[in-house]
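A.B. asks: how does the following fold in three dimensions:
(chains A and B)
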There are 2 protein chains.
Amino acid sequence: MVVFEITILGANGGPFEYGTQCFVLRPAKTEDPELIAVDGGTGMHQLREMLAQGWDDNEGYDELVPSFYEHDREPIEFFIDSKLNIQKGLSKSLLQSLKRNKEHFEGANTTIKTFKLFEGITDYYITHPHFDHISGLVVNSPSIYERENTKKKTIWGLPHTIDALQKHVFNDLIWPNLPAVRSKKMKLRCLSPKKVEKCTTFPWDVIPFKVHHGIGVKAGAPVYSTFYIFRDRQTNDSIIICGDVEQDQRGCDEALLEEFWLYVADNIPLVHLKGILVECSCPLSSKPEQLYGHLSPTHLINELSNLSILYNSSRGLSGLNVIVTHVKETSAKRDPRLTILEELRFLAHERNLGDLRISIALGGHTLFL
Amino acid sequence: MVVFEITILGANGGPFEYGTQCFVLRPAKTEDPELIAVDGGTGMHQLREMLAQGWDDNEGYDELVPSFYEHDREPIEFFIDSKLNIQKGLSKSLLQSLKRNKEHFEGANTTIKTFKLFEGITDYYITHPHFDHISGLVVNSPSIYERENTKKKTIWGLPHTIDALQKHVFNDLIWPNLPAVRSKKMKLRCLSPKKVEKCTTFPWDVIPFKVHHGIGVKAGAPVYSTFYIFRDRQTNDSIIICGDVEQDQRGCDEALLEEFWLYVADNIPLVHLKGILVECSCPLSSKPEQLYGHLSPTHLINELSNLSILYNSSRGLSGLNVIVTHVKETSAKRDPRLTILEELRFLAHERNLGDLRISIALGGHTLFL
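C.D. replies: Here you go, the predicted structure:
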């Protein structure tokens, strides 16, 4: 049964500025046009592009997706597992709910439609305050204060994220201090690590976990990011959506990823784990000093192997969808997403992870998990 | 004679996150692939789109540009003065110089070409540190440290800009502190207001002027931005490229715009002023409290009238190209760029500004001034 509808607004890991990480989510069965977002790298521009393109009834078409390496466009099959339930654009169900619930939606122009759609994002769950995970949200944020917009938004994150957003972004220097506007239409709110929080919009639990994401250039201070579990309280089905991450370092006191996988294996039966959206920024050929707080295929497969061992299943992680985000682009001959996907599939096979379904997250597409 | 080649990577004033302000400049007569940029809202993604699209020999085609209001695309003539020298994409001259100067350029894929083209931007002149004026540069910046990239970049700005970039962006919290990397491939450097600085790449003078850009939400502290004059030392031809700006407030000690226009009229004969790229974010119907440190058509025409009076020419500002950037998008029925353009032309006529040539800055296009 499909439980989660996830629209990928952006999944690129830089250095290209457009389409960086942002996923919007809603229950697959809902009739309402509300959405929540994980990260805010992309936003209204991508929503407008997707609205302009509409919804294509012909699901079987041969789609080409932007690549700009061997060819400027490549067949979508190169990037996704054949069993992944994916379509280009916004879901028909979301578009229908907008028509039903938003006055004059159908006759409006594409820009007005976009404002109405964006209004429906009630909450952002930010993984970490790096520029590429917040840039869309920040530039979109004045629209929250448009007179026509009657809805509010809450930006959630662990304290390391919310403190940095308040101090260094919404500080009247880098961006207007919108959370200080009297109407409080945009609020910043802290979550606590490992504490189950009720999602205010859907009957879901949200559980944030702190993870490592490298160290600072100047003083070597640790940089943190967040993994989120979203759990549907009715079915117990869950998905994991990850921010940038590196493996736990040997000898480091904080075994954050180890703790995370333990929590997952103890609390989410494998059959209820509908998917993991996780970064794998760098190809196998990267030297350790080139990772800058990210995962290569070796590291990601190590983590998935750890999870598989904890589940103690004879079939590995068979049936699990792993959606790879945040691949960094390089001046390579081949699309690094295709390189990394091939490496991950090879290593997953070698490590006996079963019928693990690995795909690349493609901006402008919707997944049904 | 055409002196300046200006490629508009982005000119949108939000709240859509893609294509915010960035202009790249080179002398029209150069054979080198070097460029300088004013602001960094857009970058490598737009360069890649333009490279993928190539150069169209057929200059007379009927181009449609993205609008997303009355129609998703509108004819380019709606947005530009008929005497403006403009083309879609990168200039043929720039593409030829890349082929001549960059090894293996022609046979490379679109992404490798983009890295090589981006490498050629030697200097960024930032008007102010607001998110939408720096987001492309920030996300692009790790590519400066790619092994294949042997070139350096300097980020220039008045102290209010450079201090904010160092303290709040390249601070190992919002983004890695890349200026602290030992190789110093990216440097932050302060300019002084009204002080003539030699451009290190072209035989041009660069002169920055501090201007007002509203006040902060929380404590009401003044926010500043920058106008840049670029002057070709050989011909004395000049262009003015502006950041976000508001009119000087009555009773405020700092008459920054008044000082600026005095400098222009005293130092640049009108015949040598090849163009002004300036914001006009909000339509006439905006109330003063909705401007948030920006100009409406009344204000922009007031400023241009002041300049016209200072020039004391009987023909107003005839022949001057004014290119309007940073129009804010709203949930309106009509494209606000077309509304503002119509209002500006009406007011310019009413104020006897002569044959002033007003156009909208269109992302993905190159101007020859």
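A.B. asks: tell me how many other residues crowd the closest residue in space to A:Gln247 that isn't next to it in sequence.
C.D. replies: Closest residue in space to A:Gln247, ignoring its immediate chain neighbours: A:His299 at 4.7 Å, by Cβ to Cβ, 6 or more residues apart in numbering or on different chains. (Glycine included, C-beta is placed from N, CA and C.) Burial measure for A:His299: 18 neighbouring residues, criterion other Cβ atoms under 10 Å in any protein chain shown.
A.B. asks: so, low pLDDT: which residues of chain A?
C.D. replies: A:55-61 (pLDDT under 70).
A.B. asks: now do the helices in the stretch 151-300 of chain A.
C.D. replies: Ranges of helices in the stretch 151-300 of chain A, per DSSP state H, counting those that start in this stretch, are A:159-164, A:256-267, A:297-311.
A.B. asks: between these, which one is nearest to B:Val322?
C.D. replies: B:Val322 sits nearest to helix A:159-164 of all the helices of the stretch 151-300 of chain A, at 39.5 Å, using Cβ to Cβ.
A.B. asks: list of residues touching that closest one?
C.D. replies: A:126-129, A:155-156, A:188-190, A:210, A:224, A:226, B:173-174 (Cβ atoms under 8 Å, 6 or more residues apart in numbering or on different chains).
A.B. asks: what subset of the residues you listed is buried?
C.D. replies: A:126-129, A:155-156, A:188, A:210, A:224, A:226, B:173-174 (16 or more other Cβ atoms under 10 Å in any protein chain shown).
A.B. asks: chain B contacts on the stretch 201-350 of chain A?
C.D. replies: Residues of the stretch 201-350 of chain A lying close to chain B (Cβ under 8 Å from any Cβ of the partner chain) are A:216-219, A:221, A:223, A:292, A:328-333.
A.B. asks: now those residues in TSV, with neighbour count?
C.D. replies: Below are those laid out as TSV (neighbours: other Cβ atoms under 10 Å in any protein chain shown):
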residue	neighbour count
A:Gly216	16
A:Val217	19
A:Lys218	14
A:Ala219	9
A:Ala221	11
A:Val223	21
A:Tyr292	19
A:Lys328	24
A:Glu329	22
A:Thr330	22
A:Ser331	20
A:Ala332	17
A:Lys333	12
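A.B. asks: quick one on the thing from earlier: which of the contacts of helix A:159-164 lies closest to B:Ile240?
C.D. replies: Closest to B:Ile240, out of all of the contacts of helix A:159-164 and judged by Cβ to Cβ, is B:Ile174, at 30.8 Å.
A.B. asks: tell me the spacing between the closest one and B:Ser135.
C.D. replies: 11 Å (Cβ to Cβ, to the nearest Å).
A.B. asks: from B:Leu178, how far out is the residue in the stretch 201-350 of chain A that chain B sits nearest to?
C.D. replies: Among the residues of the stretch 201-350 of chain A, A:Gly216 lies nearest to chain B; the distance is 3.2 Å by Cβ to the nearest Cβ. Using Cβ to Cβ, one gets 11 Å for the distance from A:Gly216 to B:Leu178.
A.B. asks: quick check: residues of the stretch 51-200 of chain A near chain B?
C.D. replies: So far as Cβ under 8 Å from any Cβ goes, the stretch 51-200 of chain A lies against chain B at A:52, A:68-70, A:72, A:109-112, A:114-116, A:129-132, A:135-136, A:138-143, A:146, A:148, A:164, A:167-169, A:171-178, A:180-181.
A.B. asks: just the buried members of these?
C.D. replies: A:52, A:68-69, A:72, A:109-112, A:114-116, A:129-132, A:135-136, A:138-143, A:164, A:168-169, A:171-178, A:180.
A.B. asks: and those, which of them are in strands?
C.D. replies: Among these, no residue falls in strands (DSSP state E).
A.B. asks: one step back: how about the buried ones among the contacts of helix A:159-164 in a markdown table, adding distance to B:Leu35?
C.D. replies: Output for the buried ones among the contacts of helix A:159-164, formatted as a markdown table (distance: Cβ to Cβ, whole Å):
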| residue | distance to B:Leu35 |
| --- | --- |
| A:Ile126 | 34 |
| A:Thr127 | 34 |
| A:His128 | 32 |
| A:Pro129 | 31 |
| A:Ile155 | 36 |
| A:Trp156 | 40 |
| A:Leu188 | 38 |
| A:Lys210 | 42 |
| A:Tyr224 | 37 |
| A:Thr226 | 38 |
| B:Leu173 | 30 |
| B:Ile174 | 26 |
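A.B. asks: which one of those residues is nearest A:Glu279?
C.D. replies: Using Cβ to Cβ, those come closest to A:Glu279 at A:Thr127, 9.6 Å.
A.B. asks: tell me how far that closest one lies from chain B.
C.D. replies: 14 Å (Cβ to the nearest Cβ, to the nearest Å).
A.B. asks: which residues does the closest residue to that residue other than its chain neighbours contact?
C.D. replies: Using Cβ to Cβ, 6+ apart and skipping residues adjacent in sequence, the residue nearest A:Thr127 is A:Gly243, 2.4 Å away. The contact partners of A:Gly243, taken as Cβ under 8 Å, 6+ apart, are A:21, A:39, A:127-128, A:133, A:211, A:213, A:225-227, A:279.
A.B. asks: looking at those, which are in strands?
C.D. replies: A:211, A:213, A:225-227, A:279.
A.B. asks: quick check: the two most widely separated of the residues you listed?
C.D. replies: Among the ones in strands among the contacts of A:Gly243, A:Thr226 and A:Glu279 lie farthest apart (Cβ to Cβ), at 12.1 Å.
A.B. asks: dump the residue contacts of A:Lys187.
C.D. replies: A:152-155, A:179.
A.B. asks: how many neighbours does A:Ile76 have?
C.D. replies: By other Cβ under 10 Å, 18 other residues sit near A:Ile76.
A.B. asks: that one contacts A:Ser67, doesn't it?
C.D. replies: No - A:Ile76 lies out of contact with A:Ser67 (Cβ atoms under 8 Å); the separation is 10.5 Å.
A.B. asks: so which residue of the stretch 51-200 of chain A comes closest to chain B?
C.D. replies: For the stretch 51-200 of chain A, Cβ to the nearest Cβ, closest residue to chain B: A:Asp172, 3.1 Å.
A.B. asks: that residue contacts B:Gly216, correct?
C.D. replies: Yes - applying Cβ under 8 Å, one finds A:Asp172 in contact with B:Gly216, separated by 3.1 Å.
A.B. asks: between those two, what contacts are shared?
C.D. replies: Common neighbours of A:Asp172 and B:Gly216 (Cβ under 8 Å, 6+ apart) are B:Val223.
A.B. asks: ok so, going back, phi first, then psi, for the residue nearest to A:Thr127.
C.D. replies: Note on A:Gly243: its backbone torsions stand at phi -90, psi -180 [degrees, to the nearest 10].
A.B. asks: how near is it to B:Pro27?
C.D. replies: Counting by Cβ to Cβ - A:Gly243 and B:Pro27 are separated by 44 Å.
A.B. asks: returning to what we had before: got any residues that touch both of B:Ile174 and B:Ser135?
C.D. replies: Joint contacts of B:Ile174 and B:Ser135 (Cβ under 8 Å, 6+ apart) are A:Phe131.
A.B. asks: ok, the residue nearest to A:Gln247 - contacts?
C.D. replies: A:246-247, A:280.
A.B. asks: so which of those is the most crowded?
C.D. replies: A:Cys280 (29 neighbours).
A.B. asks: that one and A:His212, how far apart?
C.D. replies: Counting by Cβ to Cβ - A:Cys280 and A:His212 are separated by 16 Å.
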